[in-house]
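>>> Quick one, fold the following:
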Amino acid sequence: MNLAIILKGTKGTGKTTTIKIVYDLIKSTYKNISITKIDRYIIDIAYIITIDKLKIGILSQGDIDDTRARKRVHRTLKKFFENNCDVILCVSRTDRSKHTQDLLNILTINNFEICSFDKVSDYDDEKKAKEIFDKLTEYISRFKGKF
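The predicted structure follows:
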């Protein structure tokens with residue numbers, strides 16, 4: 001089963017920063033990777049990283065209030081599915097938001113196991129990034145035989 005890692009937290013807790021740290025950890029740990037930029041974001045990132053045959057979609061934009069931004073997030077997720085990403089790493093502000101419910105529904109329909117991490121402070125970016133990276137590494141190790 002595919003894996004979706006969702007980093008949840010309120011506004012200003014460092015979700016985007018944490019996801020960018022995870023991205024940097026992936027780049028520094030795995031040497032033979034390819035990176036494809038999916039969309040042009042100003043602050044956020046949207047990439048597909050390929051490690052051997054494993055594909056990881058990373059999107060740091062979370063809850064969005066306007067329709068245009070929401071469509072952009074959905075478009076990026078669609079690209080992850082079209083490219084057969086095995087793992088999707090993304091963010092969301094709260095469990096109760098419409099965006100979060102939409103995100104969970106989309107991921108569930110596409111057969112992703114969902115693992116969530118809570119982000120409560122912008123002081124724990126490195127620590128939370130390491131927790132997420134460890135979960136990702138565990139998934140990669142568990143499914144090495146798959147590729």
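>>> residues contacting the residue most central in space within the chain?
In the chain, the centroid-proximal residue (CA atoms, centre = their mean) is Leu89; its distance is 1.4 Å. Residues counted as contacts of Leu89 (CB atoms under 8 Å, 6 or more residues apart in numbering) are Ala4, Ile5, Leu7, Ile19, Val22, Ile56, Gly57, Ile58, Leu59, Ile132, Leu136. Glycine gets a C-beta too; all of them are placed from N, C-alpha and C.
>>> Could you list the low-confidence segments of the chain?
Per-residue confidence for the chain (pLDDT under 70) gives these ranges: 62-66, 94-97, 99, 144-147.
>>> change it to 50
In the predicted model, the chain carries pLDDT under 50 at residues 147.
>>> For it, which segments count as strands?
If DSSP state E is used as the criterion, the strands of the chain fall at 2-9, 33-37, 46-51, 54-59, 87-92, 112-119.
>>> Could you export those strands as JSON lines, including distance to Thr100?
Rendered in JSON lines, the data for the strands of the chain read as follows (distance: least, CB to CB, whole Å):
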{"stretch": "strand 2-9", "distance to Thr100": "7"}
{"stretch": "strand 33-37", "distance to Thr100": "25"}
{"stretch": "strand 46-51", "distance to Thr100": "18"}
{"stretch": "strand 54-59", "distance to Thr100": "14"}
{"stretch": "strand 87-92", "distance to Thr100": "4"}
{"stretch": "strand 112-119", "distance to Thr100": "9"}
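>>> most tightly surrounded among these?
With neighbours defined as mean count of other CB atoms under 10 Å, these peak in mean count at strand 87-92, which reaches a mean of 25.
>>> got the angle for that one vs strand 54-59?
Following axes from the mean of the first three to the mean of the last three CA atoms, to 10 degrees, one obtains 10 degrees for the angle between strand 87-92 and strand 54-59.
>>> strand partners of strand 87-92, parallel vs antiparallel please.
strand 2-9 (parallel), strand 54-59 (parallel) (DSSP bridges).
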